[in-house]
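Chemist: 3D model of this:
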Amino acid sequence: MSLLKEFKEFAIKGNAIDMAVGLIIGAAFGKIVTSLVDDIIMPPIGLIIGGVDFSDLDLPLIAATDTQEAVAINYGLFLNTMISFLIISGTIFLVVKGMNTLRKKSEKKAASKKCPECQMDIPLAAKRCGYCTAWL
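Modeler: As a prediction, this is how the structure comes out:
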């Protein structure tokens, strides 16, 4: 099989397209969460703490001179990034949890059959209906 043909089969499969869409949406969602943290969540927290802007918090290691830029540990930016991570991971957890719940519900429905007499859902292994006692 030629390389071009293999690539065409890969690109046309639904999984590759779903993955590409997921990556694009994930990148956009990351930007939204970053803006949420930097522009909406952190300013009130900084105001409550005493007018602190978290993006400016740093621990200077070397002061700036005429020939050299300052070297500092920017722990305020790190705090913003950690809060963004917690929001994104929490959201992903809730989405996956919801999808797993939906999947379990569909599996439960598939694990049963309809009674031909009363149309109630009964287990696949049942030999008699538990509702109308009809033989299956």
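
Chemist: I figured Phe29 was touching Ser84, is that so?
Modeler: No: at 10.6 Å, Phe29 and Ser84 do not qualify as touching, with contact defined as CB atoms under 8 Å. C-beta here means a position set from N, CA and C on the backbone, and glycine is covered the same way.

Chemist: between these two, which one's more packed in?
Modeler: Set Phe29 next to Ser84 and count neighbours by other CB atoms under 10 Å: Ser84 wins out with 20 against 14.

Chemist: and the pLDDT for the nearest residue to that one once chain neighbours are set aside?
Modeler: Residue nearest to Ser84 in three dimensions, not counting chain neighbours: Val37, with 4.7 Å by CB to CB, 6 or more residues apart in numbering. Val37 is assigned a pLDDT of 87 by the prediction.

Chemist: helices of the chain, residue ranges please.
Modeler: Across the chain, reading from the start of the chain, the helices by DSSP state H fall at 3-12, 14-35, 42-49, 75-110.

Chemist: and these: which comes nearest Leu59?
Modeler: The stretch from these with the least distance to Leu59 (CB to CB) is helix 75-110; that distance is 6.3 Å.

Chemist: please work out the average pLDDT along that closest one.
Modeler: Taken as a whole, helix 75-110 has a mean pLDDT of 85.

Chemist: name the residues of it that are buried.
Modeler: Of the residues in helix 75-110, those scored as buried under the neighbour-count criterion (16 or more other CB atoms under 10 Å) are 76, 79-80, 83-84, 87-88.

Chemist: which other helices and strands contact it?
Modeler: Using 3 or more CB pairs under 8 Å, 6 or more residues apart in numbering; DSSP states H and E as the contact criterion, the secondary-structure elements in contact with helix 75-110 are helix 14-35.
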